[in-house]
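1. Let's see this in three dimensions:
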Amino acid sequence: MPASRAVVPTANASRYLQQLCKHWGHKFEVTFDPTVGRVALPFGPVEMTASDDVLEVVCRIEGDGDLARMQDVVADHVNRFAHREGALTFDWQPVA
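-> Predicted coordinates for the structure are as follows:
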């Protein structure tokens, strides 16, 4: 199962995690609290963990999905919520 991870520096990690989960909760199965969130997208889950200064995001593809596309969609959505902060840096790395 292809997977990638990004550690995104931001002081608003919990806010963005919750906003993304609420946003996608209208379409997909979502579970979250202020520090951990999971969104069951059709092509695989997105898992997020928020700390004081970092949002960690893990994307996993199940079946025939496009990992690069998934990464772009997640980063684009988080950056929409972070518009006041400016574009956040997503340095995606493979997960074994």
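2. what comes up buried for stretch 7-14?
-> 8, 10, 12-14 (16 or more other CB atoms under 10 Å). Every residue, glycine included, has its C-beta placed from N, CA and C.
3. Could I get the contacting residues of Gly65?
-> 2, 43-44 (CB atoms under 8 Å, 6 or more residues apart in numbering).
4. how close does Asp66 get to Cys59?
-> Separation of Asp66 from Cys59 (CB to CB, to the nearest Å) stands at 11 Å.
5. Could you count how many residues lie near Thr35?
-> 13 (other CB atoms under 10 Å).
6. what's the residue closest to the geometric middle of this structure?
-> For the chain, Val57 is the residue whose C-alpha lies nearest the centre (CA atoms, centre = their mean; 4.5 Å).
7. Could you list every helix and strand in contact with the helix or strand hosting that one?
-> Using DSSP states H and E, Val57 falls within strand 54-60. With contacts defined as 3 or more CB pairs under 8 Å, 6 or more residues apart in numbering; DSSP states H and E, strand 54-60 has these neighbours: strand 3-9, helix 13-24, strand 44-50, helix 67-81.
8. Throw these into TSV and include mean pLDDT and distance to Phe32, thanks.
-> Shown next, in TSV, are these (pLDDT from 0 to 100; distance: least, CB to CB, whole Å):
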stretch	mean pLDDT	distance to Phe32
strand 3-9	97	16
helix 13-24	97	4
strand 44-50	97	8
helix 67-81	95	14
